[in-house]
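Trainee: Have a look at this fold, sequence not included:
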């Protein structure tokens, strides 16, 4: 089978035997993958994302089960599944033990291969209405957005949410916010993307390039009050901008660090004065993922796929992602 | 009557007539006051705390009602009361409208006088067991601590809280945490203060001067897990230290900005990875204050008073506070 | 002006002078009213709902401000408003003091008149998109439904809610649930009403008359799990049926007592075994009402009005309500 | 080894071989047991508690690990542990799948034996400061009380809790409430027991036999407001009494059904009018149990043991429990 390993901070395509499963594992034939910003950080070996030599990267895949270990019980051959990035976080609170086994990163091989073998709790069944490509977009981007705007949010019907950008996480945040009846403001540097975001249900759009004082725009839209929640995918010093956008007792959900520059400055006096709540969001548990899938199926949510590359062009797909011109998710099809 | 006004960033003692009350106001003879760090920032005119010329500063006072307006109904002459710093925040969520009328600051005169006249909702009755001096310590320090460790905390019996320092807010946080059954770690630069903190109920003490790696101490005490909540009275870049001390999904309560240097740097990637919650805390509402007083009365909580100055020595008391060697509250007696 | 007073458990139409307002009151010309089951209980003098002789009943009205007292500040002449049934519950928790001044009941006159005078906090401005008739449906039915399915609910996008019946509260519950993305099951004794409920967004409908074992239907729809929340408008022994319908840790919202027979039997062992949560819901606060209006305006929610009677036919309208064949709200137009 | 099995609704002492463990099991030598009301219902075969013939009853035991299966990892030989009544409820929400494997009941053998073999997740390590007898009191009574007054309670320091009776659950509720700083009212039919309850920290006591109108006593103590939470161990129609005792938005925690008569009548109108919250409580998860043990260790909580019987006198111990004169827990020592 074909697969990629990281060597010298580069993806190298190789050919190896299909893995043999242990009794508690299942073998999945990968049909589609999706890219996350983390895959770039891992591949390029940025900071603590740097993996050991030979790592198989990528966390998000969808495929078909082709073999099951004799001590497994959750699936049968032929089941359609996606991977889970933090499979040991089945339910309950996050802990270092749970998060440290994230696949496709510094500590563990991922799914950038034609076949993968993992314990059965590394996978979750997907609804019929989703194609493999669509399902492959979910493990990181959709779950992070779900956790931020649904599970950990205290927003109610009609409350106002500000979504930064139009990448994978942001568009899922938009779609879930729409279904939950929030009042949605979204930002982008492109009028074209904002038009598409409006078609997806955003109530208000702000081009932060043409409106240098985009925070004032947020204030105008909210009658000077600010928003109830910001979904901040940028991180670093952008947290200070987000803090300016929320109303008293508003929430900032930190869901991303777009360029790996994670350290930013913040005014702790303003945090106090606004009684602000800043909340780190880390994908989510398997239970949350299942709840998300059920909600998506009820509402037939279609992930927004921006571009699909063939398996032999994964490096090109990564460059495309780095370029940052995507609207929604970038996928690989096998 | 005697009172202080701020002129040229200094307290000036003056003599004026006792104020005449309006129909909706009450007249209170001040018996005791307490000092907060904010009083220093206001008096010295630091940043946005700078008041207009002639401002009467100070927010925390206790006294006896000597006259009531004919449209008032809550009190009678002779009632013992304290002031409230944000009187318009009677209940519910914080809002700029509610917080902007804080007394003794940039927008409104305070209580540094022998007599003050305010609408009746600017005061709250105090339990009999408290002296005027003790009651005067409550409006800012006790209520902020109460809001941080009780109202907005999700800590349960036995969970671990880290309290930074031994000033007014920190010691109230210690006392309330003790009564709520938390596991308490407290820090100070003085072994003597830590000894006193232990006598007040702290389970673990850390001298951050003699233990340069005090964060490692926190980790040792918590078996490497970190704490459930930090009460951070320092603000600015100290937020980064606090972030290192919490466990996954732990809370950082921002309750103070000790030196007015409010801007600090923070790693937003760590916020995500830890699923941290950072929470700004701003004193509290009148309803919270009443609930706090009821809890204090039930448990006969005695505020820790460090030093008492006469009314004519308020400037000296402020210098003493600035010096930072206090353990608990600094008071003025009339 | 014309108005109704209750005499000998009957509505009597009378003619009196337009009320003179006090300094803190406003005068409102009523344009529309809506009926609630409570109006029947009050008029007929059932149990503790029995008012003193001469009471003006009804709580729900919409109208135009025609005069304002000189000590008022919230409104101007010409503003369009609705009444509030529990005006002293402005925010925060419920208390007997707040709820005991409900208008149009045993303790206080209501709004069944051409003009009414009340303090300004008895009213709330309404969005432009609502007609007077539509706005008059909101004070009790919409706010109760909002409180049950939004404010006090912990349901998330995609969770399942069971709504009993198709009266005023039930249909608002349906509309808000739809906007919040819940999975909705609704029951009725009429296929025709269920068809209309489906058009309003219900995912599943059950005719409890033709399906004697309607609880089994609920179980079939939820794969044997039960629902996350039941909105129970019936009360009394229906609580036992509701208890059978919820899943573990599910919620039963008690929002009504349709026939005044409020005492029912319940299995407390099942409450334990299911870790059930039963929650009494009592309209809501002014803050909740404003939040509801904002959400309704964002989504242009149109109340379902079943039938409109002229002011001279209020007794006929009450009989129609008692008959129970309505779908949505019954209104009076002036 | 000796053990008891239920035959014809009676405990029969028998002699069998020590069980052989499977690879995923551990063998525990039982050192102590405690009795719960459920053991009576199971033994006597009341309603759905009736087990199949030959069942080994009892859920609460403490002992020493004497052998571990080769696929286990949590414990070593010599570890001191207690059983868990619902071992599959490791964390997260309750579900029928989790609760249906409760040990010592209709579906599964329990621990009334000199040795027992179970999968390792059926046990939890105990703190050193607890004797085996003390530890044996925890699995049901302490965890239920913990779940009711700590995990699922929203009470804050100083809030008022009413605890019904002085059995095992009630006294743990008293001890945890004391440590959490609640204001505690407790009831009993015996002045002697109330005196002991006061010594354990109750602030107010009510003898419901000598004060026929004990609910009025509750109102007097709470200035006519009612309490924030009731811990109701009686169930059935006692729920109506509890409903009278709470204030608006107060909680009734249903934690027991003392005589198996679980059906009671309740006024659903009062539930609404008070915006009451009725909450079923079912022991708790393993995570909760561990958190409880940590809190108990921090505060060195000593369970209240009323009487200890030898293993050969278990039937006598059950009769003693049925008699209802105990204060705290009844134990068996081996």
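Mentor: Structure's in. What do you need? If you're wondering where the values come from, they're calculated on a predicted model, not measured in any experiment.
Trainee: To what extent is the residue nearest to residue A:9 when sequence neighbours are not counted buried, counted in neighbours?
Mentor: Once flanking residues are discounted, residue A:9 sits nearest to residue A:45: 4.6 Å by CB to CB, 6 or more residues apart in numbering or on different chains. Every C-beta, even on glycine, is put in place using the N, C-alpha and C of the backbone. If you count neighbours by other CB atoms under 10 Å in any protein chain shown, residue A:45 ends up with 17.
Trainee: Verify the contact between residue A:45 and residue A:52 for me.
Mentor: No. At 10.1 Å, residue A:45 does not count as touching residue A:52 under the criterion of CB atoms under 8 Å.
Trainee: What degree of burial does residue A:73 show, as a neighbour count?
Mentor: 10.
Trainee: Where does it sit: helix, strand or coil?
Mentor: Of the three states, residue A:73 takes coil under DSSP: H, G, I helix; E, B strand; the rest coil.
Trainee: What residues does the stretch 201-334 of chain A have near chain D?
Mentor: Contact residues (CB under 8 Å from any CB of the partner chain) of the stretch 201-334 of chain A with chain D: residue A:287.
Trainee: how near is the residue nearest to residue A:81 when sequence neighbours are not counted to residue A:321?
Mentor: Of all residues not flanking residue A:81 in the chain, residue A:123 sits nearest, at 4.1 Å (CB to CB, 6+ apart). Distance, residue A:123 to residue A:321, using CB to CB, to the nearest Å: 24 Å.
Trainee: who has more neighbours, these two?
Mentor: The neighbour comparison of residue A:123 against residue A:321 (other CB under 10 Å) goes to residue A:123, with 26 against 22.
Trainee: can I assume residue A:244 sits in a strand?
Mentor: No. Residue A:244 is assigned helix when assessed by three-state DSSP, not a strand.
Trainee: For it, give me its contacts.
Mentor: Listed by CB atoms under 8 Å, 6 or more residues apart in numbering or on different chains, the contact set of residue A:244 reads A:215, A:226, A:270.
Trainee: Please tell me how far the spatially most central residue of chain A sits from residue C:246.
Mentor: With distances taken as CA atoms, centre = their mean, the residue of chain A nearest its centroid is residue A:141 (1.6 Å). The gap separating residue A:141 from residue C:246 is 33 Å, by CB to CB.
Trainee: what do you get for residue A:109?
Mentor: As judged by CB to CB, residue A:109 and residue C:246 stand 43 Å apart.
Trainee: what do you get for residue A:95?
Mentor: Residue A:95 is 31 Å from residue C:246, where distance means CB to CB.
Trainee: got it, and residue A:238?
Mentor: 43 Å.
Trainee: top helix in chain A by residue count?
Mentor: helix A:286-299 (DSSP state H).
Trainee: anything in it near chain B?
Mentor: No. Using CB under 8 Å from any CB, helix A:286-299 stays clear of chain B, coming no nearer than 12.3 Å.
Trainee: Could you list the buried residues of whichever helix or strand comes after that helix?
Mentor: Per DSSP states H and E, the first helix or strand lying C-terminal to helix A:286-299 is strand A:305-310. Neighbour-count burial for strand A:305-310, with 16 or more other CB atoms under 10 Å in any protein chain shown as criterion, is recorded at A:305-306, A:308-309.
Trainee: Quick one: the residues you listed as a markdown table, columns for distance to residue A:194 and pLDDT too.
Mentor: Putting those into a markdown table (distance: CB to CB, whole Å; pLDDT from 0 to 100) gives the following:
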| residue | distance to residue A:194 | pLDDT |
| --- | --- | --- |
| A:305 | 19 | 97 |
| A:306 | 15 | 96 |
| A:308 | 23 | 98 |
| A:309 | 26 | 98 |
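Trainee: Which one of the residues you listed is nearest to chain D?
Mentor: Taking CB to the nearest CB as the measure, chain D lies nearest residue A:305 of the buried residues of strand A:305-310, at 32.6 Å.
Trainee: which residues does the closest one contact?
Mentor: A:133-134, A:137, A:328-331.
Trainee: And chain A, what are its domain boundaries?
Mentor: Using automatic domain parsing, the domain parsing of chain A gives A:2-140+A:284-333, A:153-280.
Trainee: Give me the number of neighbouring residues for residue A:220.
Mentor: 12.
Trainee: cool, the one 5 residues further on as well?
Mentor: Summarising burial for residue A:225: neighbours were counted as other CB under 10 Å, giving 16.
Trainee: pretty sure it contacts residue A:246?
Mentor: No. Look at residue A:225 against residue A:246 with CB under 8 Å: they stay out of range, at 9.4 Å.
Trainee: In three-state terms, label the nearest residue to residue A:196 once chain neighbours are set aside for me.
Mentor: Leaving out its chain neighbours, the residue that sits closest to residue A:196 by CB to CB, 6+ apart is residue A:327, at 6.0 Å. Using three-state DSSP, the secondary structure recorded for residue A:327 is coil.
Trainee: Let me know the distance separating residue A:327 from chain D.
Mentor: Computed with CB to the nearest CB, to the nearest Å, the distance linking residue A:327 and chain D is 36 Å.
Trainee: Report the secondary structure state of the residue located most distally from the centre of chain A.
Mentor: The C-alpha centroid of chain A is most remote from residue A:70, which lies 32.6 Å away (CA atoms, centre = their mean). Taken by three-state DSSP, the conformation at residue A:70 corresponds to coil.
Trainee: before we move on, could you check phi and psi at it?
Mentor: As for residue A:70, its main-chain torsions (degrees, to the nearest 10) stand at phi -70, psi -10.
Trainee: which parts of the stretch 51-200 of chain A sit against chain D?
Mentor: A:91-92.
Trainee: residues from the stretch 51-200 of chain A in reach of chain C?
Mentor: A:150-151, A:156-159, A:176, A:179-181, A:183.
Trainee: Go through those and name the one nearest residue A:59.
Mentor: Closest approach between these and residue A:59, by CB to CB: residue A:151, at 19.4 Å.
Trainee: how many neighbours does the closest one have?
Mentor: Residue A:151 has 17 neighbours, counted by other CB under 10 Å.
Trainee: State the distance from the nearest residue to it once chain neighbours are set aside to residue A:146.
Mentor: Excluding its sequence neighbours, the residue lying closest to residue A:151 (CB to CB, 6+ apart) is residue A:288, at 5.5 Å. Applying CB to CB, the value for residue A:288 to residue A:146 is 6 Å.
Trainee: Which one's more surrounded, these two?
Mentor: residue A:146 (31 against 19).
Trainee: Kindly list the main-chain dihedrals of the more buried one?
Mentor: Backbone torsions for residue A:146, taken as degrees, to the nearest 10, come to phi -60, psi -50.
Trainee: Could you tell me how far it is located from chain B?
Mentor: From residue A:146 to chain B the distance is 14 Å (CB to the nearest CB).
Trainee: Over to residue A:301?
Mentor: 24 Å.
Trainee: what number of residues lie near that residue?
Mentor: Neighbours around residue A:301, by other CB under 10 Å: 24.
Trainee: What residue in the stretch 101-250 of chain A comes nearest to chain C?
Mentor: Counting by CB to the nearest CB, the stretch 101-250 of chain A gets nearest to chain C through residue A:158 (2.6 Å).
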